[in-house]
Structure formats: structure tokens, C-alpha cells
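Visitor: Return a 3D structure for these sequence lines:
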Amino acid sequence: MQPTSIDFLRHTLDSLSAHIAVVDDQGVIQFANRTWTAFGNENGFPADSTWLGSNYLSACDTATARGDPWGLAAARGIRQVMEGITKDFYFEYPCHSETEERWFLLHSSGFEYEGRRFFVISHENITQRKLAEIEVARLADTDLITELPNRYAFEKFLDKEMLRCQRLKHPLVLAFIRIDNYSVIRDLQGVLVGDECLIEVGRVLSQSVRRPSDLAARFSDELFAVVFSNADTYGLVDIIKRIGTQVKEIRIPDQKGNAINFLSVCAGVVTVVPDGKINKNTLITAADNTLHLAKALGHDKAEFHTL
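Guide: Numbers count the residues shown, from 1 in each chain. Got it, this is the predicted structure:
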């Protein structure tokens, strides 16, 4: 005999890893598989809850009223399926617990049975895929040697920060910082020692940015970029001086084990209050030109300019 009984179908659905429920055209749950019930029990619902008769859309609406934007998006998408606006609805959302980060994919679609419309709602755990995507995105924005944001990430950040400072009428500072004699060090001591210089200078710069509105990045080769938002002039001079002092304190073993203790940097620092007339490229060019002025003065020098 072919296994077509209701009990067989229930066992089949209970064996799936996805959380599956069937609701009527009002959102009232008519069926929930074992995985759905188990997940609910593990996340605060009563252990004896059968879910039957509960209104899933009402639960989404309640979550929305509590400030959960995912509940609003889920309820809206499911209602569009119910109203025939779309055949399927897919929605990725975070559902983090106190101990782990989790993401799920919600899918909703409908079917007709004995003249009535019903709708399947499933939640598939996609945490591993999401974490992999986040890691790929992080690596795409990260310099592999220094682990600072790379030029691509820096330019995205600068675009956003210029718009924010324009809206708030706050000053924005861009500092270009270059390691003095880097090519000479690398040629004499080798690539590994050169990389270690980059790493240590990057560490100093990352410690100089402590607010979400600040950023230190590797721009190219031995050139770093640092963004400071709403920084006062006197505080900025102190920060640049402190960076120079800390770089000079770096000790890196050379190929013979002797410490390289002559690292220094030059800095070109530009301040602007964005007004929509000065774009990102103009600011970058100004910082680069100011850095060249500092380098012309010798090692361990800084120049400041206001646009």
C-alpha cells in the first residue's frame, strides 16, 4: 500500500529541519510541525503549546507594535500572498538569541484544499550561509596585511561621513599618513619586515580612532588614510603628534634580529565643513597635496590645511 495517510505526511513534515506551519486565510495556524513547536518551546513559548488556533499574523503585528521591523515585513509579505498580489514571499531576517547569532529565511506560498485557501509558512535556518556571506563581505573590505579597512571600504565610509557632516554642519578631517623611507626599508630588509612595519603603523592608527564616526584605513602601499569627524583643531594637532611619537617608538627586528628603531611618518591633514560643493575626490586630492608639502620638509613632519 502506498504511504498516503495523514499520519505518514505528518511524520514526513516532522522530520524536516525547516519550521513549517499552515495557516488559513485569516492567519490562524491549522498545523505546525515538530520543528516549529520545538523552536517555540526553546524560545519562550509554553512547553505544552500546540500552536493550533494561534494567529500568526497577529503575532507578527504584536512584534511590530513592540518595535520589531522584521514582524512588519513578514506580515506585509504574507498578506500580499493571501491577497494574490504575489505567488511567493521570501524574506531573510535576523533572530539572534542571547548566546548566538541566527538568521532565518521565511517563505510563504498558498494552496487550495476543498474549496478553501491555505498558506504554508516556513522558516529555514540560514545562519551558516549568512555568516559565510558576512565573512566574505568583511574580507572584501579588509586589507589582508594590516587588517584595516582597505581603500574600497574607506571611500564608502568617506562618502557617508561627508553626507552626515554636511547635514549636521560638522567639520570633517582627512589625514593622509605615509611611512617615511618605507621602500628603502623593504628593499634592504625584505618584504616580511616591510609588512611588519605596515602592521605596526596600522595598529597605532587603529588605536587613534575610537568613535564610530572615525576610521583608519590602508589607502595604498605605505599610505594610510584617517578620517576624524567633528574634531577640533587643537585636539587634532595633538592626535597627529601622538601618532608620530608612537610610530617612532615602534621596534621591529630586522633580518639579523636587530631592532629597526627609525620608523617615522609624515602627515597631510585637511579639514572641511562639507557643503555639497566639495566632493570626495577633491578632499582626497587636497589631503595628498598637503602630504607632499609635509614630505618636502623632511621626515616626521605634518602639514595642516583647511578647505
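
Visitor: Surely residue 123 is in contact with residue 105?
Guide: Yes: contact criterion Cβ atoms under 8 Å: residue 123 and residue 105 qualify, at 7.2 Å. (Each C-beta comes from the backbone N, C-alpha and C, glycine too.)

Visitor: and these two? which has more neighbours close in?
Guide: Each of residue 123 and residue 105 has its neighbours counted (other Cβ atoms under 10 Å); residue 123 has more, 20 against 16.

Visitor: phi, psi of residue 143?
Guide: phi -70, psi 130 (degrees, to the nearest 10).

Visitor: Now for it: which residues touch it?
Guide: Taking Cβ atoms under 8 Å, 6 or more residues apart in numbering, we find residue 143 in contact with 149, 150, 202, 217, 218.

Visitor: helices and strands of this protein: which one bottoms out on pLDDT?
Guide: strand 259-260 (a mean of 65; mean pLDDT, DSSP states H and E).

Visitor: Can you name the element that comes right after it?
Guide: Going down the chain from strand 259-260, the next helix or strand is strand 265-272, by DSSP states H and E.

Visitor: roughly how far is that next one from the heart of the chain?
Guide: Here strand 265-272 shows a centroid-to-chain-centroid distance of 27 Å under the convention Cα atoms, centre = their mean, to the nearest Å.

Visitor: Buried ones in stretch 165-183, by neighbour count?
Guide: Across stretch 165-183, burial judged by 16 or more other Cβ atoms under 10 Å covers 165-166, 171-180, 182.

Visitor: So which of those residues belong to helices?
Guide: Using DSSP state H, the subset of the buried residues of stretch 165-183 located in helices is 165, 166, 182.

Visitor: got JSON lines for these, with distance to residue 190 too?
Guide: Below are these laid out as JSON lines (distance: Cβ to Cβ, whole Å):
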{"residue": "165", "distance to residue 190": "42"}
{"residue": "166", "distance to residue 190": "45"}
{"residue": "182", "distance to residue 190": "13"}
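
Visitor: Cross-check the contact I'm expecting between residue 103 and residue 95.
Guide: Yes: contact criterion Cβ under 8 Å: residue 103 and residue 95 qualify, at 7.0 Å.

Visitor: On the three-state scheme, residue 91 is what?
Guide: strand (DSSP: H, G, I helix; E, B strand; the rest coil).

Visitor: if you skip the residues just before and after it, what's nearest to it?
Guide: Spatial nearest neighbour of residue 91, chain neighbours left out: residue 106 (4.5 Å); criterion: Cβ to Cβ, 6 or more residues apart in numbering.

Visitor: No further queries at this time; thank you.
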